[in-house]
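> okay, here's the prediction I keep looking at, along with the sequence it came from:
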Amino acid sequence: MAAISRKMVPISRQLTRRSFSASSSSPPAILAFLSSANPSFQQIKQCIVTRQIDPASPSLFASLKSHPSPPFDLLLRACADLRLPEKGLEVFYLMKASNLTPAVHSCNSLLSAFLKSGRTDRAWALYAEMFRMRVQSTVVTYNIMVNVLCAEGKIKKAIEFVDTMQESGIRPNVVTYNTLIKAYCAIGNVELAIKMMRLIWEKEIEPNEYTYGTIISGLSKQGRIDDAAKMFDEMSKRELVSSAPTYNAIIDGYCKRGELDRAFRYRDEMVRKGILLDVATYNVLIHALFMEGRIREANELLTEMGEKGMTPDQFTYNILINGYCKEGDAKKAFELFDEMTDKGIEPTNVTYTSLIYALCKKCQVGKADIMFKEAAKKGLIPDLFMYNALIDGYCSAKNMNRALELLKDMEAKNISPDDVTFSTLIRGFCCLGEVEHARDMIAEMTKRGIKPDLVSYNTLIGGYSRRGDIKDAMKLKDEMQGKGFNPTLITYNALIRGMCKNGKGLRAEELLKEMVQSGINPSDSTYISLVEGLSNTEVKLETV
């Protein structure tokens, strides 16, 4: 499988994993081509890809330097285009050493390549060299560096950089402000992004499709789908053409709110306007249909994808596998898992977590553990969700030793357990009647700064009540209320059952009255427990 995946990687990306061997010379035909009056950019790239030349070879540089129009700028751009910015930087330094000044657009290409590769430190190094060599920055240069600052999370400095840009006599454009708007949305501050958009109107710069699309996506991610829809309408009134990602953001927002009819109306609008649905569109809709149990319709969309020649991606398979796991159809989930791997699509943590969850629900925790170890062998680092799924399986299987081993393993790998982890362990201990150990888990949670939730308290109250420790159960109820958690139907039912089993029917009846006064309607099981308890104490049940 690894061999197949390597073949699928573009050759330019394969080259980034290999180092060039510095050749002392290049074939005369290659040198003649490179030193010609108008060498082709594509052919230069091909020479680098096929390793006929090392663009940063000092001997190649020396051979070309004597020609009237050496293609050093083309070499810089080719390195950037082939995702070899480090090689491009070597060419840049060779030019600097020879007192040759690179063109600004070539430098911009390298700056952009370093930004895309996440090497912002190298971008700053190159930018400093450009400044020292007096390469005149353009609006493109400044926009790239604003993007670099935003990528580093320095939005305030990015805004200051825009001021420097204006002081240098270069007017920011819509791309400049779109970068800042995207950065604000990325940190969840959509309000400032909207203010920025209104500000650029004042500067007589018109927001474009990207501006609106970014803000619409930010609003949708925050669950503010109505605001996103209003922004979408404003965009349409300005006759700006929405792209598939913008529609996807709106569709996703309505899907998350459970309004699938509205989501599909936007899908239909895309079709009417001739905007091609992409894999992401289908993924959002298929996921929403699975969440509502509409499996047939989800499969119809999957078939539609195939008819349009679209290949399901990693996300599609994860959605399908997770959906079938939650439906209890582990067989279908594993068929999709095999199909996914056969197609060379690598499973992720999400894939394995779904399958581990499905196996645990079928009481096949041993197989789930094997799958957990298989994920690690494939180089995946198990995350919190994967650990929680397996811990839940072992707690359900009443194998608390293995569950605690997994907890220790998490800590050894610097993965912090959360409230779900501890709630699961509390439930496991309570099911075994080991309430003291469960109580220790509450203490451990508090020690770690994790607040026990209502589920944890209810589980522990249930454990004490089943064991007949009513006094401890009531103390825990008081503690729970002291921390701001109001008792629920589950809390009262557990306490009433415990009191009734211990012949304390009158006390149970008092709890029933307290429960009703709190606005909680008793369930059938509440009355059944109470009738049994009162009959044991030979007291008739009064109507509440």
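Thanks, I have the structure now.
> now do the residue nearest to residue 493 when sequence neighbours are not counted against residue 459, distance only.
In this structure, residue 493 finds its nearest non-sequential neighbour in residue 526, 5.5 Å apart by C-beta to C-beta, 6 or more residues apart in numbering. The way it works is simple: take the backbone N, C-alpha and C, and place the C-beta from them, glycine included. Separation of residue 526 from residue 459 (C-beta to C-beta, to the nearest Å): 18 Å.
> where does the residue nearest to residue 493 fall, helix, sheet strand or coil?
Here residue 526 takes the helix state, with states given by DSSP: H, G, I helix; E, B strand; the rest coil.
> can you verify my assumption that it contacts residue 494?
No - using C-beta atoms under 8 Å, residue 526 makes no contact with residue 494, being 10.5 Å away.
> neighbour count winner among the two?
Remark: of residue 526 and residue 494, residue 494 carries more neighbours, 24 against 21, as counted by other C-beta atoms under 10 Å.
> got the contact list for the stretch of helix or strand that one belongs to?
For residue 494, the host element (DSSP states H and E) is helix 489-501. Helix 489-501 is contacted from outside by 457-458, 461-462, 464-466, 468-470, 473-474, 477, 480, 505, 507-508, 511-512, 514-515, 520-523, 525-526, 529-530, 532-534, 536, using C-beta atoms under 8 Å, 6 or more residues apart in numbering.
> for residue 141, which non-adjacent residue is closest in space?
Counting by C-beta to C-beta, 6+ apart, the residue nearest residue 141 is residue 108, at 5.5 Å.
> quick check: pLDDT value at that neighbour.
Confidence at residue 108, expressed as pLDDT, is 97.
> residue 437 against residue 429, yeah?
Yes - judged on C-beta under 8 Å, residue 437 makes contact with residue 429 at a distance of 4.3 Å.
> where do the contact lists of these two overlap?
By C-beta under 8 Å, 6+ apart, the residues touching both residue 437 and residue 429 are residue 400.
> same drill for the two, tell me which one is more crowded.
A direct count of neighbours by other C-beta under 10 Å for residue 437 and residue 429 places residue 429 higher, at 24 against 17.
> give me the element residue 475 is part of.
Going by DSSP H and E, residue 475 is part of helix 470-482.
> just to revisit the earlier point, dump the residue contacts of the residue nearest to residue 493.
489, 492, 493, 496, 512, 515.
> most widely separated two among these?
Within these, two members stand farthest from each other by C-beta to C-beta: 489 and 512, at 11.5 Å.
> more neighbours: those two, which one.
Under the neighbour definition other C-beta under 10 Å, residue 489 and residue 512 were set side by side, and residue 512 has more, 20 against 15.
> now the more buried one: how far from residue 523?
As judged by C-beta to C-beta, residue 512 and residue 523 stand 11 Å apart.
> ok, residue 175 next?
With C-beta to C-beta as the criterion, residue 175 and residue 523 are 60 Å apart.
> more crowded one of these two?
Set side by side, residue 175 and residue 523 show more neighbours around residue 175, with 18 against 13, by other C-beta under 10 Å.
> give me every residue that touches the more buried one.
By C-beta under 8 Å, 6+ apart, the neighbours of residue 175 are 139, 143.
> check the secondary structure at it for me.
Of the three states, residue 175 takes helix according to three-state DSSP.
> likewise residue 194?
helix.
> so it makes contact with residue 215?
Yes - counting by C-beta under 8 Å, residue 194 touches residue 215, with 6.1 Å between them.
> more neighbours, these two?
residue 215 (28 against 18).
> so the more buried one is in which element?
Residue 215 belongs to helix 209-221 when assigned by DSSP H and E.
> one more: residue 340?
Using DSSP H and E, residue 340 sits within helix 330-342.
> return the set of buried residues in the helix or strand following that helix.
Note on helix 330-342: by DSSP H and E, the next helix or strand toward the C-terminus is helix 349-361. For helix 349-361, the neighbour count (16 or more other C-beta atoms under 10 Å) marks 349-361 as buried.
> can you check stretch 150-168 too?
For stretch 150-168, the neighbour count (16+ other C-beta under 10 Å) marks 150, 151, 155, 158, 161, 162, 165 as buried.
> widest-spaced pair of those residues?
Going by C-beta to C-beta, the pair spanning the buried residues of stretch 150-168 furthest: 151 and 165, at 17.2 Å.
> mind listing the strands for this protein?
With DSSP state E, there are no strands along the chain.
> report the contact partners of residue 523.
Here residue 523 is in contact with 489, 493 (C-beta under 8 Å, 6+ apart).
> ok, now with 10 Å
489, 490, 492, 493, 529 (C-beta atoms under 10 Å, 6 or more residues apart in numbering).
> cool, residue 86 as well?
Applying C-beta under 10 Å, 6+ apart, the residues near residue 86 are 16, 56, 79, 110, 113, 114, 117, 119, 122.
> filter these down to the buried ones, PyMOL style.
Here is the PyMOL command that picks out the buried ones among the contacts of residue 86, judged by 16+ other C-beta under 10 Å:
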select buried, resi 56+79+110+113+114+119+122
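> could the contacts of residue 86 be laid out in TSV, adding distance to residue 98?
Conversion of the contacts of residue 86 to TSV gives the following (distance: C-beta to C-beta, whole Å):
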residue	distance to residue 98
16	27
56	13
79	17
110	17
113	22
114	22
117	26
119	25
122	21
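> in this structure, what spans have low per-residue confidence?
Within the chain, the set of residues satisfying pLDDT under 70 comprises 1-28, 37, 532-544.
> closest to residue 372 among the buried residues of stretch 150-168?
Nearest to residue 372 out of these is residue 151 (C-beta to C-beta; 34.5 Å).
> what's the neighbour count on the residue nearest to the closest one when sequence neighbours are not counted?
In this structure, residue 151 finds its nearest non-sequential neighbour in residue 120, 5.8 Å apart by C-beta to C-beta, 6+ apart. Neighbour count of residue 120, defined by other C-beta under 10 Å: 18.
> for residue 126, see how far away residue 120 is.
According to C-beta to C-beta, residue 120 and residue 126 sit 11 Å apart.
> which residues do the two both contact?
What both residue 120 and residue 126 touch, as defined by C-beta under 10 Å, 6+ apart, is the set 111, 114.
> that older thread, so which elements touch the helix holding residue 475?
For helix 470-482, the contact count by 3 or more C-beta pairs under 10 Å, 6 or more residues apart in numbering; DSSP states H and E identifies helix 435-447, helix 454-467, helix 489-501, helix 505-517 as packing neighbours.
> give me that answer again for 7 Å
Using 3 or more C-beta pairs under 7 Å, 6 or more residues apart in numbering; DSSP states H and E, the elements in contact with helix 470-482 are helix 454-467, helix 489-501.
> and that helix, what's buried?
470, 472, 473, 474, 476, 477, 480.
> could you dump these to a markdown table with distance to residue 292?
Shown next, in a markdown table, are the buried residues of helix 470-482 (distance: C-beta to C-beta, whole Å):
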| residue | distance to residue 292 |
| --- | --- |
| 470 | 42 |
| 472 | 42 |
| 473 | 38 |
| 474 | 41 |
| 476 | 37 |
| 477 | 37 |
| 480 | 34 |
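> of these, closest to residue 230?
residue 480 (42.2 Å).
> you'd agree that closest one is up against residue 456?
No - assessed by C-beta atoms under 7 Å, residue 480 is found out of contact with residue 456, at 9.2 Å.
> before we move on, the earlier item: now the contacts of helix 489-501: which count as buried?
457-458, 461-462, 464-466, 469-470, 473-474, 477, 480, 505, 507-508, 511-512, 515, 520, 522, 526, 529-530, 533-534.
> what about the closest residue to residue 283 other than its chain neighbours, how many residues nearby?
Computed as C-beta to C-beta, 6+ apart, the closest residue to residue 283 that is not its neighbour in sequence is residue 315, at 5.0 Å. Look at residue 315: counted by other C-beta under 10 Å, it has 17 neighbours.
> quick check: residue 315 vs residue 340, distance?
Distance from residue 315 to residue 340, by C-beta to C-beta: 11 Å.
> who touches both of these two?
The overlap between the contact sets of residue 315 and residue 340 (C-beta atoms under 7 Å, 6 or more residues apart in numbering) is empty.
> CA atoms only for stretch 147-154, dumped as CSV, please.
Extracted as CSV, the C-alpha positions of stretch 147-154 are listed here (Å, rounded to 0.1, in the frame of the first residue of the first chain):
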residue,chain,number,x,y,z
ASN,A,147,-0.2,36.6,5.9
VAL,A,148,3.0,35.4,7.6
LEU,A,149,2.2,37.5,10.7
CYS,A,150,-1.4,36.1,10.8
ALA,A,151,-0.1,32.6,10.4
GLU,A,152,2.1,33.2,13.5
GLY,A,153,-1.0,34.4,15.4
LYS,A,154,0.3,38.0,15.5
